[in-house]
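>>> here's my sequence, what's the structure:
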Amino acid sequence: MTSGGWRLNIATLAVAALVLGRMLWQREWAHEWARSWTPWQIVGVAITAPALVFFVLARIQLGSAFSVRAKARTLVSSGIYARVRHPIYVFGGLMVAGILIFAHRPWWLLAFAVLIPVQLFRVRKEERVLEAKFGNAYREYQRKTWF
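Next up, the predicted model:
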């Protein structure tokens, strides 16, 4: 992996740690350790924590193949990518939903739902780029994996 790839992985881990840390150690919790969690917070953390782990794992496994715009550098089909074609979208979405639940902002989930078609548009664009570059290998990969 290139040094740029390692820097992106470290940045991903740092952002993930900040997100989870912010959720778990809100200002008032720093002084009130015995404060009970609300059901919203429990559900939010139960969704966000595993999603964060899988998001970071997917980002690390994607390595230097990661790009903001659709590019077909390499076909990553091992690790979590052996089961899920777009784990960053899946687990990133679950993280956002978990954070909104944790923050007890159910109406924001409706706004988040509006973004889902935008993400699906991006997924389809990526799939066209990957299929154009890898052809039958990508189509076979699609057949074996979920989303």
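>>> and the helices in this structure?
Here the chain has its helices, by DSSP state H, at 3-24, 39-62, 87-102, 106-134, 136-144.
>>> separation between the most centrally placed residue in the chain and residue 56?
By Cα atoms, centre = their mean, the chain has its centre lying nearest to residue 92, at 2.6 Å. Distance, residue 92 to residue 56, by Cβ to Cβ, to the nearest Å: 11 Å. Every C-beta, even on glycine, is put in place using the N, C-alpha and C of the backbone.
>>> one more: residue 77?
19 Å.
>>> so which of these two has more stuff around it?
Shown here are residue 77 and residue 56; by other Cβ atoms under 10 Å, residue 56 has more neighbours (19 against 16).
>>> not counting sequence-adjacent ones, nearest residue to the more buried one?
Nearest non-adjacent residue to residue 56, counting by Cβ to Cβ, 6 or more residues apart in numbering: residue 16, 5.0 Å away.
>>> contact partners for the one you found?
Taking Cβ atoms under 8 Å, 6 or more residues apart in numbering as the contact definition, residue 16 lies against 52, 55, 56.
>>> kindly state the pLDDT recorded for the residue nearest to the centre of the chain?
Per-residue pLDDT puts residue 92 at 94.
>>> surely it meets residue 55?
Yes: here residue 92 reaches residue 55: they are 5.7 Å apart, a contact under Cβ atoms under 8 Å.
>>> now stretch 131-147: average pLDDT?
If you average the pLDDT over stretch 131-147, you get 95.
>>> numbering from 653 from now on, please.
From this message on, residue numbering opens at 653, which makes the last subject stretch 783-799.
>>> so where's this protein uncertain?
Residue ranges of the chain with pLDDT under 70: 653-662, 664-665, 671-687, 718-722.
>>> single out the most deeply packed of the helices of the chain.
Greatest average neighbour count among these goes to helix 739-754 (a mean of 20), per mean count of other Cβ atoms under 10 Å.
>>> from the chain's centre, how far out does that helix sit?
How far helix 739-754 lies from its chain's middle: 7 Å, per Cα atoms, centre = their mean, to the nearest Å.
>>> now do that helix: which elements does it pack against?
helix 655-676, helix 691-714, helix 758-786 (3 or more Cβ pairs under 8 Å, 6 or more residues apart in numbering; DSSP states H and E).
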